[in-house]
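**Student:** requesting a structural model of the entry that follows:
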Amino acid sequence: MKQWMIFVALAAVAAPLLPAADPSPEEIIQKFAAKESEFRKAREAYTYRQLVKMEELDGNGNPTGKWEINSDIIFGANNQRTEKVTFAPMITLRNVILTPQDEQDLRNVQPFVLTSEDVNKYDIRFMGKQNADDIPCYLFSVKPKTMLKGERYFEGQIWVDDRDFQIVKTYGKGVGLLKKNEDNQFPRFETYREQIDGKYWFPTYTHADDVLHFKDNSQHIRMVVKYQDYKRFAAQSTITFGDEVGDPNTKPAAPQQLAPPLAPRR
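**Tutor:** Sure thing, here's the model as predicted:
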């Protein structure tokens, strides 16, 4: 009896520790959606600077037209948004016209957040494990189940950090219902997030390089959006629209970066 107990104890010590099993896809979705809800609420208390640049390119990849706008952005306690334009030169695009859907995608789809409140709007399928650069992630495909008039949605893939259960990268495009015979095309894009405050991952870089195929012609476009200078802001502050910035050269203090950004892939 004593000899058998000793053998069992020694065997338990010598046995290698097995890695913990991954949660089920349903558990992962539940966890990251809850974290995304927390993140959306936390994001309301941050200001940041948004730099947007889109170029039309010719057959050789040379710019032929440009749209550029820089803004300082605040989210208030009621999720209402203030945008203070600091730089907006004349638009020189020749073949592409910016639409309200493009503005919706810029604000809500490219920095995609998938919360517990919205998760049931999407068909979400687990595609396995895949690194986003050096970060081990769970990979999911995402597309809207149904689309309502006037709403914009994300369709593509998301990478969820297997430790923090937060989205760290998205790849896809904005989709939605269009009017009959409406010739409106939207580029595929990649958005990368960076851990800003040691807890949440904020979008910091969006890149699109795509050919838009219209009915009468095709246009190669390149677009870059940078989200910079995240800084915690009092949520109870009054929110207004259209205020001009007194000194566009004054930059908010840079936040402490607790993790390196994901390197954009070319």
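**Student:** how about Phe154, nearest residue that isn't a chain neighbour?
**Tutor:** Spatial nearest neighbour of Phe154, chain neighbours left out: Phe112 (4.6 Å); criterion: Cβ to Cβ, 6 or more residues apart in numbering. Just so you know, the C-beta spots here come from the backbone N, C-alpha and C atoms, and that holds for glycine as well.
**Student:** distance of that neighbour relative to Gln157?
**Tutor:** 11 Å (Cβ to Cβ, to the nearest Å).
**Student:** what secondary structure does the residue nearest to Phe154 sit in?
**Tutor:** Using DSSP: H, G, I helix; E, B strand; the rest coil, the structure places Phe112 in coil.
**Student:** pull the number of nearby residues for it.
**Tutor:** 22 (other Cβ atoms under 10 Å).
**Student:** please apply the same query to Leu98.
**Tutor:** Neighbours of Leu98 (other Cβ under 10 Å): 12.
**Student:** check contacts around the residue nearest to it when sequence neighbours are not counted.
**Tutor:** Using Cβ to Cβ, 6+ apart and skipping the chain neighbours, the partner closest in space to Leu98 is Trp67 (6.6 Å). Neighbour list for Trp67: Val52, Lys53, Met54, Glu55, Ile91, Thr92, Leu93, Leu98 [criterion: Cβ atoms under 8 Å, 6 or more residues apart in numbering].
**Student:** scan these and report the most crowded one.
**Tutor:** Result: Met54 is most packed of the contacts of Trp67 (other Cβ under 10 Å), 23 neighbours.
**Student:** element containing that residue?
**Tutor:** Per DSSP states H and E, Met54 falls inside strand 46-57.
**Student:** after that strand comes which helix or strand?
**Tutor:** strand 63-75.
**Student:** paired strands for that next one, with orientation please.
**Tutor:** strand 46-57 (antiparallel), strand 81-87 (antiparallel) (DSSP bridges).
**Student:** can you tell me which of the ones you listed has the worst average pLDDT?
**Tutor:** The stretch with the lowest mean pLDDT among these is strand 81-87, at a mean of 85.
**Student:** buried stuff in that one?
**Tutor:** Thr82, Lys84, Thr86 (16 or more other Cβ atoms under 10 Å).
**Student:** next one: stretch 40-60
**Tutor:** Applying 16+ other Cβ under 10 Å to stretch 40-60 flags 40, 42-50, 52, 54-57 as buried.
**Student:** quick check: the farthest pair among those residues?
**Tutor:** Greatest spacing in the buried residues of stretch 40-60, by Cβ to Cβ: Ala45 and Leu57 (38.4 Å).
**Student:** now list whatever residues contact both of Phe112 and Gln157.
**Tutor:** By Cβ under 8 Å, 6+ apart, the residues touching both Phe112 and Gln157 are Thr170, Gly172.
**Student:** what is the burial count for Arg222?
**Tutor:** 17.
**Student:** thanks again, I'm all set now.
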